[in-house]
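Enquirer: Generate coordinates for the sequence data below:
(one chain, ligands or ions: 2)
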Amino acid sequence: MQESIQRAAKDLAGAENAVALTGAGISVESGIPPFRGKGGIWEKIDPMEYATIEAFMADPVKVWNVLIKEMKTIIDQAAPNEGHKGLARLAEMGILTTVITQNVDGLHQLAGNADVIEFHGNFAWHRCMACDARLETGKIDLSRIPPQCPCGGIYRPEVIFFGESIPPEALTRSRKLSVQCDVMLVVGTSATVHPAAYMPVIAKRNGAVVIEINPEPSPLTGSVSDYLVRGNAGEVMTGIIAELERLRPA
Ligand code: NAD
Ligand code: ZN
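Expert: Numbering: from 1, shown residues only. Ligands and ions are numbered 1, 2, ... in the order given. Take a look at the predicted model:
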C-alpha cells in the first residue's frame, strides 16, 4: 500500500484541477454503513422494497419506520473522518476543486469542502410532498410516523430514491468537471450506480489520471482506473496527505 500511496501523492502533487468522486465507503469509518457489501444495509433489507419512490409512495409508514428513521439516527451521530478531512485538506492545498458525492450525509461540507455536488441529494432537509415546504431533518417530529407538515402532507427526505432522476445541474456540472480534471480520486464507491460510475470513464477518456481508494477492487479496477490504493479511506488519505506535505512543504 505504501508504494501506491506514494504514487498517488506524486500524481496529486502535480495536479491543479483534481476532482473526487465519493461513495458510501468514505463514510464507513464515520459509522455509516454502506448499502452494498459486508455490513451493508442491503444485507438486511431489500432496496426494491424500501428505497424506490414507488415503495415510498405505496407505504410511507413502512419506509419511514425501517429506512428513514434508522438513517436519521445514524447520520445524526456521524462526524467527518480522516478520509473526508483529507479531501478538505487537498482543497486547502489548491489541488482539489470539487467533490462529487453519492452520499447524502453532508460530511464533506462538515469537513470543510466548499464545493460539493450531491448526486443523490442531502439528508439534512425534508420536504412536504403536498405543499413543498422544507424543514430541517433535525426539527422533524418523530412522534407520529410518517411525520406530517402543518398542511397535512407527508414529509420526505430531499434525497433521490431509486427511480428518481439526478438533479440535471448536478449531472451537467459533474460531466464538465470530469472532462476538465487532471486527476480523479474515486473514493469508497462500488462504481455500480450510474450515472455516477460513468464520471471516471469520462475523466479517463479525457486524459485524467484516475486513482481508486477502496479496500476492494471495483468494476473500474484494472480497466478505467490507473491504479487502486487498497485500504480504508481514512488511513489511505492520512498517508497521502503526509506524503504530499513532505513533497510540497507549506
Ligand atoms: P456502495 O454501498 O455501493 O459501496 C461502498 C463501497 O465502499 C464498496 O466498494 C466498499 O468496498 C467500499 N468501502 C467499504 N469500506 C470502506 C472504507 N473504510 N474506505 C473506503 N471504501 C470502503 O456505495 P456507493 O457506491 O456509494 O453506492 C451507492 C448508494 O448508496 C449511493 O447512492 C448513496 O446515495 C447511498 N448511500 C449513502 C450513504 C451515505 O450518505 N453515507 C450511506 C449508504 C448508502
Ligand atoms: Zn405541507
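
Enquirer: Look up the pLDDT of the spatially closest residue to residue 180 that is not a sequence neighbour for me, please.
Expert: Sequence neighbours aside, residue 17 is the residue nearest to residue 180 in space, at 6.2 Å (criterion: C-beta to C-beta, 6 or more residues apart in numbering). All C-beta spots, glycine's among them, are computed from the backbone N, C-alpha and C. Confidence at residue 17, expressed as pLDDT, is 97.

Enquirer: same question, residue 67
Expert: pLDDT recorded at residue 67 is 89.

Enquirer: coming back round to it: from what I can see the residue nearest to residue 180 touches residue 97, true?
Expert: Yes. Counting by C-beta atoms under 8 Å, residue 97 is a contact partner of residue 17 at 5.9 Å.

Enquirer: okay, and the common contacts of those two?
Expert: Common neighbours of residue 17 and residue 97 (criterion: C-beta atoms under 8 Å, 6 or more residues apart in numbering): residue 181.

Enquirer: Comparing these two, which residue is more hemmed in?
Expert: residue 97 (19 against 15; other C-beta atoms under 10 Å).

Enquirer: quick one: the helix-or-strand element of the chain with minimal mean pLDDT to chain centroid distance?
Expert: None of the helices or strands of the chain scores lower by mean pLDDT, DSSP states H and E than helix 41-44, at a mean of 78. Per C-alpha atoms, centre = their mean, to the nearest Å, the displacement of helix 41-44 from the mean C-alpha position of its chain is 18 Å.

Enquirer: Report the buried residues of it.
Expert: residue 41 (16 or more other C-beta atoms under 10 Å).

Enquirer: Just the buried positions in the helix or strand that that helix is followed by, please.
Expert: Where DSSP states H and E defines the elements, the next helix or strand beyond helix 41-44 is helix 47-50. Neighbour-count burial for helix 47-50 flags residue 50 (criterion: 16+ other C-beta under 10 Å).

Enquirer: does any bit of helix 47-50 sit next to ligand 1?
Expert: No. Taking C-beta under 6 Å from any ligand atom as the criterion, helix 47-50 and ligand 1 are apart, separated by no less than 9.2 Å.

Enquirer: The protein against ligand 1: which residues are in contact?
Expert: 23-29, 32, 34-37, 40, 102-105, 120, 188-190, 192-193, 214-216, 218, 232-233.

Enquirer: Try it again at 5 Å.
Expert: Applying C-beta under 5 Å from any ligand atom, we find that the chain lies next to ligand 1 at 23-25, 27-28, 32, 34-37, 102-105, 120, 188-190, 193, 214, 216, 232-233.

Enquirer: Can you select the buried ones from those residues in PyMOL?
Expert: Buried residues within the residues of the chain next to ligand 1, by 16+ other C-beta under 10 Å, are selected in PyMOL with:
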select buried, resi 23+24+25+27+28+32+34+35+36+102+103+104+105+120+188+189+190+193+214+232+233
